[in-house]
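**Student:** got a sequence here, can you model it:
(one chain, ligands or ions: 1)
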Amino acid sequence: MKSLLVYSSKTGNTKKLADAIFENLPGEKEVCAIDDAPTPDGHDLICVAFWFQAGKPDPKSQEYLAKITNQKVILAATHGAAKNSAHAQNGMKFAEGIIPDAQVLATFSCQGEVSPQFMEKAAAKPEPPPWLPDAKTAQGHPDEKDLVALKECLEGLRL
Ligand SMILES: Cc1cc2nc3c(=O)[nH]c(=O)nc-3n(C[C@H](O)[C@H](O)[C@H](O)COP(=O)(O)O)c2cc1C
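**Tutor:** Model (predicted):
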């Protein structure tokens, strides 16, 4: 199996998920930051790791997802919102909606630390984002427990 892992990470949280995924992928594999990523063509499995912006995958990841056709896909994400919150689930559903013809093998998401400066800026907005109250508990994430859960999720796929 030929796998391609593409990740988008502004502050390093999602890169931690990408590193853990890459370590646990069997067979021929390639990892690329999203700006350097080749097209998904010619790969059996595409893993896309993205961060949440405005309740959705960050714009570069949305653009990349749109290039995926009928490949097998694993989606991973970090967000300030709580794990398994409606916000987190809806953002992941949005990502899946971009790749209707793909075979999504697994989705995984967890919190990713948000800088205090950004939280302050967001809190000062006339309408602070709905995920902001959760973001305080994102500190230190992804942590070891998150990465173990991700590894278990991948092992369960028996790739
Ligand atoms: C500009 C900006 C917008 C964000 N929007 C959201 C959002 O809509 N929902 C959310 O849960 N987290 C949001 N976050 C938090 C990030 O998704 C989170 O910190 C993520 O782990 C960042 O990943 P990275 O370190 O790989 O860049 C936002 C962060 C920034 C800086």
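
**Student:** and the one residue in the chain that gets nearest to the ligand, how far is that from residue 153?
**Tutor:** Residue nearest to the ligand within the chain: residue 112 (1.9 Å; Cβ to the nearest ligand atom). Placement of C-beta: from N, CA and C, glycine included. Residue 112 is 17 Å from residue 153, where distance means Cβ to Cβ, to the nearest Å.

**Student:** my guess is residue 155 contacts residue 24. True?
**Tutor:** Yes: the criterion here is Cβ atoms under 8 Å, and residue 155 meets it with residue 24 at 7.1 Å.

**Student:** where's the residue positioned nearest the centre of the chain, which helix or strand?
**Tutor:** Geometric centre of the chain, nearest residue: residue 77, 2.0 Å, by Cα atoms, centre = their mean. Per DSSP states H and E, residue 77 falls inside strand 72-79.

**Student:** and the next helix or strand past that strand?
**Tutor:** helix 86-98.

**Student:** that next one vs strand 72-79, what angle?
**Tutor:** Using axes from the mean of the first three to the mean of the last three Cα atoms, to 10 degrees, the direction of helix 86-98 lies 150 degrees away from that of strand 72-79.
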